[in-house]
Structures are given as structure tokens and as C-alpha cells.
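S.K.: Got a predicted model here, sequence first, then my questions.
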Amino acid sequence: MMTKKYDLIVIGTGSAGSITAAKCNKAGWNVAMVDDRPFGGTCALRGCDPKKVLHGAAELIDWNKRMVKNGVPSEVSINWKDLMNFKRTFTDDVPEKKEEALNKQGIDTYHGNASFVSEDKLEVNKEVLEGSHFLIASGAKPTPLPIKGEEHLTYS
């Protein structure tokens with residue numbers, strides 16, 4: 001089995017990993033990125049950007065309910081299916097565009113779970129990658145909040 005060698009291997013394709021990969025690549029480093037989820041990270045696909053769409057709709061409903069007896073003649077409602085379709089216009093093409101942009105820069109991309117097999121090698125889908133440096137930018141799991149109602153919270 002042939003081992004591919006890189007100056008930097010980044011695990012995770014969100015903002016932190018992508019910015020680091022791009023800067024190192026621009027400095028002449030040979031860079032690879034690995035993700036076991038669709039490329040783009042939490043912010044672009046499940047967090048920041050989609051949240052803004054949903055938050056905007058919630059604010060509209062809230063303002064409308066507070067104003068309905070103060071000059072706004074009727075209440076509005078959310079059509080969840082249509083709102084989700086609108087949100088997807090911001091997220092659906094992110095993984096493909098993200099990977100295309102990385103490849104265009106000369107960054108190799110790998111889909112799958114990265115497992116370290118030694119201190120300088122990891123395996124992705126039975127392919128071994130060797131790296132001089134590694135950045136694990138796969139995000140973090142939020143700390144549970146010890147408050148009443150915590151079981152009703154969700155995290156992006």
C-alpha cells in the first residue's frame with residue numbers, strides 16, 4: 001500500500017480547518033483535508049448560516065405577535081416545509097463548492113473517518129496518509145448545562 005505524504009493534514013472542513021489549510025497551502029505546504037461528514041463544517045451546514053434563516057423567521061413571528069393589536073391587522077404563521085426549503089438554498093451546494101474550492105487550491109480531499117495508526121500516519125478508508133503536522137479541527141461537543149429543562153435543548 002502506497003503512503004501519501006503531506007506537510008499538513010487537517011481533520012475537519014469547517015472554518016478553522018479550511019483557513020489554516022488555505023494559508024499553509026499558499027505558503028507552499030502540501031495539504032490534505034479529511035472529513036467524515038459533508039464538507040463545509042457546522043457553521044455553513046448546520047449552525048451559523050442556517051440558524052440565521054430560522055432565527056429571522058422566529059423574530060418575524062415574535063414581532064408580529066407583539067404588534068397584532070398595535071396596528072398590524074393579522075398574525076402570520078410559518079410554513080415549516082417552505083422555510084426548510086428556503087434554508088436549504090443556503091446549504092445544499094456548500095459541500096460540493098467547498099470541495100471544488102479546496103481542490104482548485106491544490107488541497108487533496110478525503111471523505112471518511114480518520115484514524116491515527118502511528119504518531120505521523122492516519123488511515124482514511126484503508127488509505128494511509130503521512131503528515132509532518134496535523135490539525136484536528138473537527139469541532140467540539142458542547143458541555144451540558146446543569147439547569148432545569150436542559151433535556152429540551154439542542155445543539156448545532
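M.R.: Arrived safely.
S.K.: okay, CA-based contacts and neighbour counts for the rest of this
M.R.: Will do.
S.K.: Adjacent strands (with direction) for the helix or strand that M33 is a member of?
M.R.: Under the criterion of DSSP states H and E, M33 resides in strand 31-35. Strand pairing for strand 31-35, using DSSP bridges, gives strand 4-11 (parallel), strand 108-111 (parallel).
S.K.: Rebuild those as CSV, extending it with mean pLDDT, mean neighbour count and distance to I136.
M.R.: Below are those laid out as CSV (pLDDT from 0 to 100; neighbours: other Cα atoms under 10 Å; distance: least, Cα to Cα, whole Å):
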stretch, mean pLDDT, mean neighbour count, distance to I136
strand 4-11, 97, 20, 5
strand 108-111, 98, 17, 14
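S.K.: now those as CSV including distance to G17?
M.R.: Listed next are these as CSV, based on distance: least, Cα to Cα, whole Å:
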stretch, distance to G17
strand 4-11, 6
strand 108-111, 12
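S.K.: how close does N103 sit to T109?
M.R.: 7 Å (Cα to Cα, to the nearest Å).
S.K.: quick one on the thing from earlier: how far does the strand holding M33 sit from the chain's center?
M.R.: Centre-to-centre, strand 31-35 and its host chain are 14 Å apart (Cα atoms, centre = their mean, to the nearest Å).
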